[in-house]
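Chemist: what follows is a predicted protein model with its sequence.
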Amino acid sequence: IIVEPNAADCIFKSFEADDGKAKFVGGEMNTIMAGLACGEPNTIGWEILRNLSDMAISCPDWVSAHGMRVLGNPLGGDERVISGESGALPAGMASLMMTKDRFLPIRRALGIDENSRIMVFSTEGDTDPEKYRSIVWDGEYPSNIEEE
């Protein structure tokens, strides 16, 4: 699964078009996920992603913030991971996908259940300590799945 901010969701739009061609997103890409706010798929990467990924998901910023909080406050004996906004998006989406009924169709389509192991890649550490604290400590970008 490829996840990206809905303000710069070029891969999602490319999958949605279903014509095999990379799509571009223009205009303001206002997102906390600056590392993912490019709006253009890498031409070499697009070929790989198109052929080897099962789906792409376009996410609001609060999904990334949710991922930052989940990674920074693990359960049980899991290790704490300090991840920046772009890097935490996959963990945020995985957490929501496994805990919210509205994502049941995605889980079924991918054959994911409570026995599945999901590997996520965090591509970014804490690149902006003030923003990290604002999100993780102060609750900036609260989860609002019920409103969407």
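Modeler: Arrived safely, thanks for sending. Numbering: from 1, shown residues only.
Chemist: now do stretch 109-127, average pLDDT.
Modeler: Mean pLDDT, stretch 109-127: 90.
Chemist: and the residue nearest the centre of the chain, what is it in contact with?
Modeler: In the chain, the centroid-proximal residue (Cα atoms, centre = their mean) is Leu89; its distance is 3.0 Å. Leu89 is in contact with Val3, Glu4, Pro5, Met33, Leu36, Cys59, Val63, Ser64, Gly67, counting by Cβ atoms under 8 Å, 6 or more residues apart in numbering. C-beta here means a position set from N, CA and C on the backbone, and glycine is covered the same way.
Chemist: hang on, it in a strand?
Modeler: No. Under the criterion used here (DSSP: H, G, I helix; E, B strand; the rest coil), Leu89 is helix, not part of a strand.
Chemist: tell me which helix or strand the closest residue in space to it that isn't next to it in sequence sits in.
Modeler: For Leu89, ignoring the flanking residues on the chain, the nearest one in space by Cβ to Cβ, 6 or more residues apart in numbering is Ser64 at 4.5 Å. In the assignment (DSSP states H and E), Ser64 maps to helix 61-72.
Chemist: name the helices or strands packed onto that helix?
Modeler: strand 2-5, helix 85-99, helix 129-136 (3 or more Cβ pairs under 8 Å, 6 or more residues apart in numbering; DSSP states H and E).
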